[in-house]
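Novice: Below are the sequence and a predicted model for it; my questions follow.
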Amino acid sequence: MLHSLAASGPPAGNAGDRLALRSIAMMDILMLALGFVFFALAIGYTYACERL
């Protein structure tokens, strides 16, 4: 009984879970991109201040 229940696949309500995981992955990518942008701006600011 348990094996046949597990073999039937995930319940139909898992679409929301997949959407939530995709949203979390997108947030991770966004945070990494913002971190890289902040790092690049900090380097640019350092070079600009060094010229003064």
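Specialist: Cool, got the structure.

Novice: quick one: which helix or strand includes residue 19?
Specialist: Here residue 19 sits within helix 15-51, counting by DSSP states H and E.

Novice: and residue 19, how many residues sit next to it?
Specialist: By other CB atoms under 10 Å, the residues close to residue 19 number 10. Every C-beta, even on glycine, is put in place using the N, C-alpha and C of the backbone.

Novice: gap between it and residue 51?
Specialist: 48 Å (CB to CB, to the nearest Å).

Novice: what do you get for residue 40?
Specialist: For residue 40, the distance to residue 51 equals 17 Å [CB to CB].

Novice: Between these two, tell me which one has more neighbours.
Specialist: residue 40 (10 against 5).

Novice: Give me the most central residue, this structure.
Specialist: For the chain, residue 28 is the residue whose C-alpha lies nearest the centre (CA atoms, centre = their mean; 2.3 Å).

Novice: which ones are touching that residue?
Specialist: Listed by CB atoms under 8 Å, 6 or more residues apart in numbering, the contact set of residue 28 is empty.

Novice: so where's this structure uncertain?
Specialist: Filtered on pLDDT under 70, the chain yields the residue ranges 1-13.

Novice: 80 instead, please
Specialist: 1-16, 19-20 (pLDDT under 80).
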